[in-house]
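Trainee: the following block contains a protein sequence and its predicted model.
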Amino acid sequence: MVAMAELDDVDLSLRLSKEEEQKRLAEGQHRLLQLRLVNGGQLTGGRLGPPVCVVFEGWDASGKGGAIKRLLAPLDPRHVRVASYAAPTPTEKRHHFLWRFYPALPGWGGMAVLDRSWYGRVLVERVEEFATEEQWERAYEEISNFERSLAFEGMVLVKLWLHISHEEQLRRFERRQADPLKQWKLGPEDWRNREKRDIYETALRDMLTRTDHPLGPWDVIPAEDKRYARVSVLETVITRVEDGMRREGVEPPPAGGPD
(Lines give C-alpha, C1' and ligand atoms only; values in the text may rest on other atoms or scores of the structure.)
Protein backbone atom coordinates (compact mmCIF):
# COMPACT_ATOMS: atom_id res chain seq x y z
CA MET A 1 0.00 0.00 0.00
CA VAL A 2 1.23 3.50 -0.81
CA ALA A 3 -0.87 6.13 0.91
CA MET A 4 -1.33 9.06 -1.49
CA ALA A 5 2.17 8.77 -2.90
CA GLU A 6 3.46 10.49 -5.96
CA LEU A 7 2.94 8.11 -8.85
CA ASP A 8 6.64 8.32 -9.64
CA ASP A 9 7.39 6.90 -6.18
CA VAL A 10 5.25 3.78 -6.59
CA ASP A 11 7.52 0.72 -6.60
CA LEU A 12 6.21 -1.43 -9.44
CA SER A 13 8.96 -4.00 -8.93
CA LEU A 14 7.31 -5.49 -5.83
CA ARG A 15 6.61 -9.20 -6.23
CA LEU A 16 5.26 -12.12 -4.23
CA SER A 17 5.81 -15.84 -4.70
CA LYS A 18 2.77 -18.06 -5.16
CA GLU A 19 3.38 -19.59 -1.74
CA GLU A 20 3.61 -16.23 0.02
CA GLU A 21 0.52 -15.00 -1.81
CA GLN A 22 -1.52 -18.03 -0.73
CA LYS A 23 -0.35 -17.73 2.88
CA ARG A 24 -1.15 -14.03 3.20
CA LEU A 25 -4.43 -14.33 1.33
CA ALA A 26 -5.58 -17.07 3.68
CA GLU A 27 -4.63 -15.03 6.75
CA GLY A 28 -6.16 -11.86 5.39
CA GLN A 29 -9.38 -13.51 4.25
CA HIS A 30 -9.86 -15.03 7.71
CA ARG A 31 -9.37 -11.60 9.30
CA LEU A 32 -11.72 -9.84 6.88
CA LEU A 33 -14.40 -12.45 7.52
CA GLN A 34 -13.97 -11.86 11.25
CA LEU A 35 -14.38 -8.09 10.83
CA ARG A 36 -17.34 -8.54 8.52
CA LEU A 37 -19.16 -10.76 11.02
CA VAL A 38 -18.57 -8.21 13.77
CA ASN A 39 -19.76 -5.26 11.69
CA GLY A 40 -22.74 -7.27 10.47
CA GLY A 41 -23.81 -7.92 14.05
CA GLN A 42 -23.33 -11.69 13.80
CA LEU A 43 -20.82 -11.86 16.67
CA THR A 44 -22.16 -8.96 18.72
CA GLY A 45 -25.73 -9.92 19.45
CA GLY A 46 -27.06 -7.84 16.58
CA ARG A 47 -25.15 -4.62 17.36
CA LEU A 48 -24.09 -3.27 13.97
CA GLY A 49 -20.73 -1.82 13.02
CA PRO A 50 -20.07 0.97 10.55
CA PRO A 51 -20.86 0.61 6.84
CA VAL A 52 -17.88 -0.16 4.63
CA CYS A 53 -17.57 1.02 1.03
CA VAL A 54 -14.54 -0.05 -1.01
CA VAL A 55 -13.98 1.95 -4.20
CA PHE A 56 -11.84 0.38 -6.92
CA GLU A 57 -10.24 2.55 -9.58
CA GLY A 58 -7.23 1.84 -11.76
CA TRP A 59 -5.84 1.58 -15.26
CA ASP A 60 -7.59 -0.70 -17.73
CA ALA A 61 -6.30 -4.27 -17.19
CA SER A 62 -4.79 -3.36 -13.81
CA GLY A 63 -6.41 -6.39 -12.16
CA LYS A 64 -9.42 -4.90 -10.39
CA GLY A 65 -11.62 -7.92 -11.10
CA GLY A 66 -9.10 -10.43 -9.77
CA ALA A 67 -8.48 -8.34 -6.67
CA ILE A 68 -12.21 -8.02 -5.98
CA LYS A 69 -12.63 -11.77 -6.38
CA ARG A 70 -9.93 -12.50 -3.76
CA LEU A 71 -11.18 -9.77 -1.45
CA LEU A 72 -14.70 -11.16 -1.35
CA ALA A 73 -13.83 -14.87 -1.47
CA PRO A 74 -14.43 -15.55 2.24
CA LEU A 75 -17.59 -13.45 2.56
CA ASP A 76 -21.22 -14.47 2.23
CA PRO A 77 -22.32 -12.99 -1.13
CA ARG A 78 -25.77 -12.29 0.32
CA HIS A 79 -24.25 -9.76 2.69
CA VAL A 80 -21.94 -7.81 0.36
CA ARG A 81 -23.11 -5.71 -2.57
CA VAL A 82 -20.90 -5.43 -5.67
CA ALA A 83 -21.71 -2.72 -8.19
CA SER A 84 -19.94 -2.11 -11.48
CA TYR A 85 -20.24 1.19 -13.31
CA ALA A 86 -19.75 2.08 -16.95
CA ALA A 87 -20.88 5.15 -18.88
CA PRO A 88 -24.07 6.72 -17.48
CA THR A 89 -27.32 5.90 -19.24
CA PRO A 90 -29.53 8.60 -20.81
CA THR A 91 -31.77 8.47 -17.72
CA GLU A 92 -28.78 8.81 -15.37
CA LYS A 93 -27.50 11.79 -17.34
CA ARG A 94 -30.69 13.67 -16.45
CA HIS A 95 -29.57 13.76 -12.81
CA HIS A 96 -26.58 15.07 -10.88
CA PHE A 97 -23.61 12.80 -11.60
CA LEU A 98 -23.55 11.43 -8.02
CA TRP A 99 -27.21 10.39 -8.13
CA ARG A 100 -26.70 6.99 -9.70
CA PHE A 101 -24.33 5.80 -6.97
CA TYR A 102 -26.62 6.24 -3.99
CA PRO A 103 -28.55 2.94 -4.33
CA ALA A 104 -25.35 0.90 -3.96
CA LEU A 105 -24.13 2.62 -0.81
CA PRO A 106 -24.27 0.42 2.32
CA GLY A 107 -26.04 1.22 5.56
CA TRP A 108 -24.83 0.37 9.04
CA GLY A 109 -23.73 -3.26 9.19
CA GLY A 110 -23.41 -3.37 5.39
CA MET A 111 -20.56 -3.55 2.91
CA ALA A 112 -20.33 -2.58 -0.74
CA VAL A 113 -17.61 -2.83 -3.36
CA LEU A 114 -17.70 -0.45 -6.32
CA ASP A 115 -15.90 -1.37 -9.52
CA ARG A 116 -15.42 2.17 -10.87
CA SER A 117 -17.22 5.04 -9.24
CA TRP A 118 -17.99 8.77 -9.15
CA TYR A 119 -14.35 9.39 -10.07
CA GLY A 120 -15.30 8.89 -13.68
CA ARG A 121 -16.33 12.55 -13.67
CA VAL A 122 -12.73 13.73 -13.15
CA LEU A 123 -11.07 11.00 -15.23
CA VAL A 124 -12.77 9.68 -18.37
CA GLU A 125 -15.43 12.42 -18.48
CA ARG A 126 -12.74 15.05 -18.16
CA VAL A 127 -10.34 13.53 -20.69
CA GLU A 128 -13.00 12.59 -23.25
CA GLU A 129 -14.81 15.92 -22.78
CA PHE A 130 -18.08 14.27 -21.73
CA ALA A 131 -18.16 16.89 -18.96
CA THR A 132 -17.41 20.56 -19.39
CA GLU A 133 -14.37 22.06 -17.71
CA GLU A 134 -16.67 23.88 -15.31
CA GLN A 135 -18.35 20.58 -14.39
CA TRP A 136 -15.22 18.54 -13.74
CA GLU A 137 -13.46 21.37 -11.97
CA ARG A 138 -16.43 21.71 -9.64
CA ALA A 139 -16.54 17.94 -9.12
CA TYR A 140 -13.40 17.74 -6.96
CA GLU A 141 -15.08 19.68 -4.17
CA GLU A 142 -18.44 18.00 -4.77
CA ILE A 143 -16.88 14.55 -4.46
CA SER A 144 -14.87 15.41 -1.35
CA ASN A 145 -17.91 16.94 0.36
CA PHE A 146 -20.01 13.93 -0.63
CA GLU A 147 -17.45 11.54 0.85
CA ARG A 148 -17.11 13.58 4.03
CA SER A 149 -20.87 13.59 4.50
CA LEU A 150 -20.89 9.78 4.24
CA ALA A 151 -17.99 9.49 6.70
CA PHE A 152 -19.69 11.86 9.17
CA GLU A 153 -22.58 9.37 9.20
CA GLY A 154 -20.12 6.58 10.04
CA MET A 155 -19.11 5.14 6.68
CA VAL A 156 -15.64 3.64 6.31
CA LEU A 157 -14.52 4.67 2.84
CA VAL A 158 -11.64 2.76 1.26
CA LYS A 159 -10.36 4.23 -2.02
CA LEU A 160 -7.92 2.17 -4.09
CA TRP A 161 -6.04 3.03 -7.27
CA LEU A 162 -4.39 0.00 -8.95
CA HIS A 163 -1.29 1.24 -10.72
CA ILE A 164 0.56 -0.46 -13.58
CA SER A 165 3.04 0.76 -16.17
CA HIS A 166 2.20 1.55 -19.77
CA GLU A 167 4.33 -1.42 -20.86
CA GLU A 168 2.65 -3.91 -18.54
CA GLN A 169 -0.76 -2.74 -19.68
CA LEU A 170 0.21 -3.46 -23.29
CA ARG A 171 1.35 -6.98 -22.36
CA ARG A 172 -1.98 -7.65 -20.65
CA PHE A 173 -3.95 -6.25 -23.58
CA GLU A 174 -2.09 -8.54 -25.96
CA ARG A 175 -2.72 -11.58 -23.74
CA ARG A 176 -6.41 -10.74 -23.59
CA GLN A 177 -6.59 -10.35 -27.34
CA ALA A 178 -5.03 -13.80 -27.79
CA ASP A 179 -7.39 -15.53 -25.33
CA PRO A 180 -10.84 -16.37 -26.76
CA LEU A 181 -12.34 -16.38 -23.26
CA LYS A 182 -10.96 -12.95 -22.40
CA GLN A 183 -11.33 -11.06 -25.67
CA TRP A 184 -14.65 -9.65 -24.45
CA LYS A 185 -12.72 -7.60 -21.87
CA LEU A 186 -10.93 -5.66 -24.59
CA GLY A 187 -12.50 -3.21 -27.01
CA PRO A 188 -11.55 -0.35 -29.32
CA GLU A 189 -12.10 2.13 -26.48
CA ASP A 190 -9.37 0.45 -24.42
CA TRP A 191 -6.86 0.89 -27.23
CA ARG A 192 -7.90 4.52 -27.72
CA ASN A 193 -7.44 5.23 -24.03
CA ARG A 194 -3.90 3.86 -24.19
CA GLU A 195 -3.01 6.50 -26.73
CA LYS A 196 -4.06 9.18 -24.23
CA ARG A 197 -2.03 7.81 -21.31
CA ASP A 198 -0.24 11.12 -20.70
CA ILE A 199 -3.51 13.05 -20.62
CA TYR A 200 -5.11 10.48 -18.32
CA GLU A 201 -2.08 10.57 -16.04
CA THR A 202 -2.40 14.34 -15.67
CA ALA A 203 -6.05 13.90 -14.69
CA LEU A 204 -5.10 11.06 -12.34
CA ARG A 205 -2.53 13.15 -10.50
CA ASP A 206 -5.09 15.91 -10.05
CA MET A 207 -7.63 13.39 -8.77
CA LEU A 208 -5.29 11.85 -6.22
CA THR A 209 -4.17 15.25 -4.96
CA ARG A 210 -7.48 17.07 -4.90
CA THR A 211 -9.72 14.33 -3.49
CA ASP A 212 -7.43 12.90 -0.83
CA HIS A 213 -8.68 13.85 2.64
CA PRO A 214 -8.49 12.34 6.16
CA LEU A 215 -11.94 10.75 5.93
CA GLY A 216 -11.34 9.44 2.40
CA PRO A 217 -7.63 8.86 1.83
CA TRP A 218 -6.31 7.31 -1.36
CA ASP A 219 -4.22 4.14 -1.32
CA VAL A 220 -2.17 3.52 -4.46
CA ILE A 221 -1.61 -0.22 -5.00
CA PRO A 222 1.43 -1.34 -7.01
CA ALA A 223 -0.26 -3.80 -9.37
CA GLU A 224 2.47 -4.77 -11.84
CA ASP A 225 2.54 -8.16 -10.11
CA LYS A 226 -0.99 -9.51 -9.68
CA ARG A 227 -0.09 -11.62 -6.66
CA TYR A 228 1.34 -8.63 -4.83
CA ALA A 229 -1.63 -6.46 -5.79
CA ARG A 230 -4.25 -8.92 -4.57
CA VAL A 231 -2.57 -9.31 -1.19
CA SER A 232 -1.97 -5.57 -0.89
CA VAL A 233 -5.62 -4.80 -1.65
CA LEU A 234 -6.84 -7.26 0.99
CA GLU A 235 -4.42 -6.08 3.67
CA THR A 236 -5.12 -2.42 2.91
CA VAL A 237 -8.87 -2.93 3.23
CA ILE A 238 -8.38 -4.71 6.56
CA THR A 239 -6.26 -1.86 7.93
CA ARG A 240 -8.72 0.80 6.78
CA VAL A 241 -11.71 -1.11 8.17
CA GLU A 242 -10.03 -1.58 11.55
CA ASP A 243 -9.15 2.14 11.70
CA GLY A 244 -12.69 3.08 10.71
CA MET A 245 -14.23 0.82 13.32
CA ARG A 246 -12.12 2.45 16.02
CA ARG A 247 -13.12 5.89 14.76
CA GLU A 248 -16.75 4.91 15.29
CA GLY A 249 -16.13 3.45 18.74
CA VAL A 250 -16.18 -0.21 17.68
CA GLU A 251 -13.08 -2.05 18.84
CA PRO A 252 -11.97 -4.70 16.32
CA PRO A 253 -11.67 -8.17 17.83
CA PRO A 254 -8.21 -9.60 18.43
CA ALA A 255 -6.75 -11.06 15.26
CA GLY A 256 -6.72 -14.83 15.03
CA GLY A 257 -9.78 -15.38 17.20
CA PRO A 258 -12.73 -17.57 16.24
CA ASP A 259 -14.80 -16.52 13.25
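Mentor: Received it, and whenever you're ready, just let me know what you need. Quick caveat, the model's predicted, so the values are computed rather than measured. Residues are numbered from 1 along each chain as shown.
Trainee: distance of the closest residue to Gly110 other than its chain neighbours relative to Val158?
Mentor: Using CB to CB, 6 or more residues apart in numbering and skipping the chain neighbours, the partner closest in space to Gly110 is Pro51 (5.0 Å). From N, CA and C alone the C-beta is placed, and that goes for glycine too. Distance of Pro51 to Val158, computed by CB to CB, to the nearest Å: 11 Å.
Trainee: ok, Asp60 - contacts?
Mentor: Gln169, Phe173, Asp190, Asn193, Arg194 (CB atoms under 8 Å, 6 or more residues apart in numbering).
Trainee: which strand or helix spans the first one?
Mentor: In this assignment (DSSP states H and E), Gln169 forms part of helix 166-178.
Trainee: quick one: contacts of that helix?
Mentor: So helix 166-178 is in contact with 12, 59-62, 164, 182-183, 185-186, 190-191, 194, 197, 224, going by CB under 8 Å, 6+ apart.
Trainee: how distant is it from the center of its chain?
Mentor: Chain-centre distance of helix 166-178: 22 Å, with CA atoms, centre = their mean, to the nearest Å.
Trainee: for Phe101, what are phi and psi?
Mentor: phi -90, psi -20 (degrees, to the nearest 10).
Trainee: I figured it hits Tyr119, correct?
Mentor: No. Assessed by CB atoms under 8 Å, Phe101 is found out of contact with Tyr119, at 10.4 Å.
Trainee: neighbour-wise, which of these two wins?
Mentor: Under the neighbour definition other CB atoms under 10 Å, Phe101 and Tyr119 were set side by side, and Tyr119 has more, 22 against 18.
Trainee: show me what contacts the more buried one?
Mentor: Val55, Glu57, Ile143, Met207, Thr211.
Trainee: and the residue located most distally from the centre of the chain, what pLDDT?
Mentor: Distance from the centre of the chain peaks at Gly45, with 30.2 Å (CA atoms, centre = their mean). You'll see Gly45 listed with a pLDDT of 93.
Trainee: just say helix, strand or coil for it.
Mentor: When classified by DSSP: H, G, I helix; E, B strand; the rest coil, Gly45 comes out as coil.
Trainee: please apply the same query to Glu189.
Mentor: Under three-state DSSP, Glu189 comes out as helix.
Trainee: that one: how many residues sit nearby?
Mentor: The number of residues packed near Glu189 is 12, by other CB under 10 Å.
Trainee: same question, Leu105
Mentor: Neighbour tally, Leu105, other CB under 10 Å: 15.
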